[in-house]
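> I would like to see how this sequence folds:
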Amino acid sequence: MLHRPELHGTLGAVSASHWLASATGMAMLDRGGNAFDAAVAAALVCQVVEPHLNGPAGDVPIMVYEAATGTTRVICGQGPMPAAATPAAFHALGLDTVPGSGLLAAPVPGAFGAWMRLLRDHGRLRVEDVLEPAIGYADGGYPLLPKAAAMIEVMAPLFRDEWAESGRTFLPGGRVPAAGTRMRNPALAGVYRRILAEARAAAPDREGQADAAARAFYEGFVAEAIDRFTATEQIDCTGRHHRGLLTGADLAAWRAGSEPTVSYDYRGHQVHKPGPWSQGPVFLQQLALLEGFDLGAMERGGTEHLHTVVEAAKLAFADREAWYGDPEHADVPLRELLDPAYAADRRALIGPRASGELRPGSPGGREPWIPPVRDVTPVPGRPDWLTQLGDGIPTVLLRTAAKGDTTCVSATDRDGNMVVATPSGGWLKSSPVVPGLGFPLGTRGQMAWLQEGHNNTLAPGKRPRTTLSPSLLLRDGRPRLAFGTPGGDQQDQWTLSFLVHHLDFGLGPQEAVEAPAFHTDHVPTSFTPRTARPLTLALEDSFPGETLAGLRERGHELRLVAPYSLGKVCVTGIDADGGVLAAASPRGGQAYAVVR
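Got it, this is the predicted structure:
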């Protein structure tokens with residue numbers, strides 16, 4: 001029995017990780033906008049109403065299918081590391097890893113520029129149309145989500161004693177806000193109003209205004225405020241105060257780019273992902289491994305099904321750790337990693353027992369290398385907020401069943417345009433709010449290594465390999481589905497399960513979204529402090545008892561979590577009748593889909 005219906009319509013569909021974002025996207029379609037306008041407006045609202053998961057200075061890959069040209073592209077909103085960011089600079093500070101909090105981990109903010117690029121190149125509406133709802137929620141208020149309230153409560157001592165601007169932004173009246181409180185962010189509303197005013201003054205057309213909005217952010221008053229702030233010392237998870245490396249010159253030198261996707265044919269469908277500067281290809285590597293199994297003949301939700309998918313994930317993610325990085329700065333053997341012969345060799349490693357080894361492959365005969373993960377032992381007596389800072393993901397440790405981050409926006413219109421993105425970074429937990437701007441910087445630099453010789457070794461102007469990974473599904477070159485989920489390292493496990501349930505087991509999109517979820521914690525996380533539990537398999541406590549017993553017999557160490565607690569998959573697409581469809585996970589009661 002479905003918790004929510006699968007939605008179908010004729011005008012357009014929006015599915016996002018917050019109901020206000022979904023409603024905002026549909027409002028853009030009602031105004032005559034297309035799917036791209038809907039996604040921009042929805043994402044800008046997410047930056048306001050989900051400040052614990054993303055912000056204007058965060059990161060985003062945007063997957064785009066444009067019906068008029070039949071082309072699929074990805075707009076890269078992952079900013080590079082600053083010109084001063086070198087391993088030597090961190091070693092000089094006595095650091096052997098990039099901190100997961102504070103100013104040192106900040107790359108160039110990519111999210112705002114990427115959304116303006118999408119609007120300029122593919123939208124129909126004006127900058128003011130897509131900014132208006134975000135300004136309204138920042139100025140007039142929005143209901144504070146329970147997880148945001150819990151995070152603010154834990155971080156309140158830090159906000160009061162160290163990160164003063166974060167306190168002014170998230171502790172109204174100096175008090176911790178309760179869940180459901182109407183929160184406002186007048187500073188952010190003022191930033192958007194000023195950007196809008198400068199855009200209007202610069203040009204009369206959408207394209208010119210979008211470029212002017214980006215200039216105001218990357219060369220104007222926003223960049224100036226960031227430049228001033230990163231020159232100050234702020235406390236981070238080391239317990240010490242450090243200045244940032246990011247400067248206004250770094251922002252001025254960057255603009256969001258558009259590039260080809262990476263794709264793989266699976267069961268007669270073309271699956272498109274961002275490149276290896278994201279973790280996107282790991283999704284395709286899993287498909288290449290699973291293609292050699294008749295998953296549809298297995299019992300859905302049974303031991304064989306879960307064991308096969310999990311063991312394939314372990315192999316694919318091990319390759320992610322060994323080989324992925326910014327392809328503009330590193331020789332990533334992507335062709336070899338997706339080669340059928342390579343997949344066949346790797347597939348032979350999947351046996352009847354759960355593997356506890358991290359086993360990257362040797363594509364093209366190259367020798368894999370993964371830098372050693374430093375053992376992090378909790379320090380007794382540390383204040384709770386400092387312990388929280390030491391974990392680079394935007395969740396409150398020990399208070400959630402699943403570590404998740406990020407937001408998701410998917411939109412499809414009646415013309416067949418599809419877009420999906422997973423905005424993240426710049427969340428309130430890990431970096432102080434920039435004075436006068438109402439939002440913090442990102443900390444994506446924590447995902448880069450400081451050890452030399454790896455494809456993901458930190459370097460100036462290089463993108464740290466991110467976890468963000470939305471997906472587009474086509475068939476015979478025609479649009480089918482645009483989908484994604486929040487969830488850090490788990491994104492390409494939860495969405496893979498969705499696709500397997502849809503393509504291999506024949507479930508409809510909403511049924512596939514609601515199917516019981518699971519993931520392995522086998523590979524070290526991408527976030528500080530890069531923890532791993534090699535044999536652990538996390539499952540929602542809704543699988544049959546015989547499945548659990550069978551998995552234990554195969555050597556999996558099970559971690560049962562609450563039903564409907566893993567992931568928030570959001571989907572839009574084109575249905576069999578040529579109309580639009582949408583699905584949204586009921587998990588967390590937060591993601592919603594809307595169609596017209």
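> What distance do you get for the residue sitting nearest the centre point of the chain to residue 564?
Against the mean C-alpha coordinate of the chain, by C-alpha atoms, centre = their mean, the closest residue is residue 468 at 3.6 Å. Using C-beta to C-beta, to the nearest Å, residue 468 is found at 23 Å from residue 564. For the C-beta atoms, the positions are set from N, CA and C on the backbone; glycine is no exception.
> where exactly do the helices run in the stretch 301-450 of the chain?
303-323, 334-337, 340-347, 384-389 (DSSP state H, counting those that start in this stretch).
> The ones you listed: which one's closest to residue 536?
With C-beta to C-beta as the measure, helix 303-323 is the member of those nearest residue 536 (10.3 Å).
> how far off helix 340-347 does that closest one point, in degrees?
Inter-element angle recorded for helix 303-323 and helix 340-347: 120 degrees (by axes from the mean of the first three to the mean of the last three C-alpha atoms, to 10 degrees).
> average pLDDT for helix 303-323?
Mean per-residue pLDDT for helix 303-323: 98.
> Repeat that for stretch 583-596.
95.
> can you check stretch 356-371 too?
Per-residue scores along stretch 356-371 average to 96.
> Any idea how far apart the tips of it sit?
18 Å (C-alpha to C-alpha, to the nearest Å).
> which residues touch that stretch?
Under the criterion C-beta atoms under 8 Å, 6 or more residues apart in numbering, residues 314-315, 318-319, 321-323, 333, 336-337, 339, 342, 345-346, 349, 449, 451, 453-454, 522-523, 532, 534-535, 555 lie in contact with stretch 356-371.
> same deal with stretch 219-228?
57, 109, 191, 194-195, 198, 216-217, 246-248, 251-252, 434-437, 441.
> give me that answer again for 10 Å
56-57, 103, 106, 108-109, 112, 191, 194-195, 198, 212-218, 244, 246-253, 434-437, 439, 441 (C-beta atoms under 10 Å, 6 or more residues apart in numbering).
> Show the contacting residues for the closest residue to residue 107 other than its chain neighbours.
Sequence neighbours aside, residue 79 is the residue nearest to residue 107 in space, at 4.4 Å (criterion: C-beta to C-beta, 6 or more residues apart in numbering). By C-beta under 10 Å, 6+ apart, the contact set of residue 79 is 57-59, 106-111, 113-114, 218, 246, 250-251, 254, 256, 425, 442, 444-445, 463-464.
> Buried subset of those as a PyMOL selection?
Entered in PyMOL, the line below selects the buried ones among the contacts of residue 79, by 16 or more other C-beta atoms under 10 Å:
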select buried, resi 57+58+59+106+107+108+109+110+111+113+114+218+246+250+251+254+256+425+442+444+445+463+464
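> And the closest residue to residue 290 other than its chain neighbours, how close does it get to residue 11?
Of all residues beyond its chain neighbours, the one nearest residue 290 is residue 312 (5.4 Å), with distances taken as C-beta to C-beta, 6+ apart. Distance of residue 312 to residue 11, given as C-beta to C-beta: 39 Å.
> Between these two, point out the one with more neighbours.
Neighbours per residue, other C-beta atoms under 10 Å: of residue 312 and residue 11, the larger number sits with residue 312, 26 against 13.
> shaky segments in the stretch 351-500 of the chain?
374-382, 385-386, 390-405 (pLDDT under 70).
> quick one: stretch 90-106 to chain centroid distance?
Offset of stretch 90-106 from its chain centre (C-alpha atoms, centre = their mean, to the nearest Å): 22 Å.
> Quote the end-to-end distance of it.
13 Å.
> OK, contacts around residue 103?
Contacts of residue 103 by C-beta under 10 Å, 6+ apart are 226, 229-236, 241-246, 431-432, 434, 440-441, 443.
> which SS class is it?
Put simply, residue 103 is coil when judged by DSSP: H, G, I helix; E, B strand; the rest coil.
> What segments of the stretch 101-250 of the chain are helices?
Using DSSP H, counting those that start in this stretch, helices in the stretch 101-250 of the chain cover 111-122, 127-140, 146-161, 164-170, 186-202, 206-218, 221-230, 248-252.
> now the stretch 451-596 of the chain
Counting by DSSP H, counting those that start in this stretch, the helices of the stretch 451-596 of the chain are 491-503, 509-514, 545-553.
> Now do the last one: everything it contacts.
When you say that, I think you mean helix 545-553. 299, 301-307, 310, 352-354, 516, 518, 537, 539, 541, 543-544, 556-558, 560.
> Select only the buried ones of these in ChimeraX?
In ChimeraX, this line selects whichever of these come out buried by 16+ other C-beta under 10 Å:
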select :301,303,304,305,306,307,310,354,516,518,537,539,543,556,558
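> I'd like to know which of the contacts of helix 545-553 are part of strands.
Among the contacts of helix 545-553, the members falling in strands (DSSP state E) are 518, 537, 539, 557-558, 560.
> Pull the most distant pair out of these.
Farthest-apart pair in the ones in strands among the contacts of helix 545-553 is 518 and 557; separation 13.0 Å (C-beta to C-beta).
> Give me the common contacts of the two.
In contact with both residue 518 and residue 557: 537-538, 551, using C-beta under 10 Å, 6+ apart.
> coming back round to it: so where does the residue nearest to residue 107 fall, helix or strand?
Per DSSP states H and E: residue 79 is located in neither a helix nor a strand.
> from memory residue 513 sits against residue 570, does it?
Yes. Residue 513 lies in contact with residue 570 (C-beta atoms under 10 Å); the separation is 8.2 Å.
> what residues do these two have in common as contacts?
What both residue 513 and residue 570 touch, as defined by C-beta under 10 Å, 6+ apart, is the set 15, 483, 485, 495, 583-585, 591, 593.
> PyMOL command for the buried members of the contacts of stretch 219-228?
Of the contacts of stretch 219-228, the buried ones can be selected in PyMOL as follows, counting by 16+ other C-beta under 10 Å:
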select buried, resi 56+57+103+106+108+109+112+191+195+198+212+213+214+215+216+217+218+244+246+247+248+250+251+434+437+439+441
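> got the contact list for the residue lying closest to residue 115 once chain neighbours are set aside?
The shortest distance from residue 115 to any residue other than its chain neighbours is 4.9 Å, reached at residue 40 (C-beta to C-beta, 6+ apart). Neighbouring residues of residue 40 by C-beta under 10 Å, 6+ apart: 24-25, 28, 33, 62, 114-119, 122-123, 125, 127, 129-131, 134, 210, 409, 411, 419, 421.
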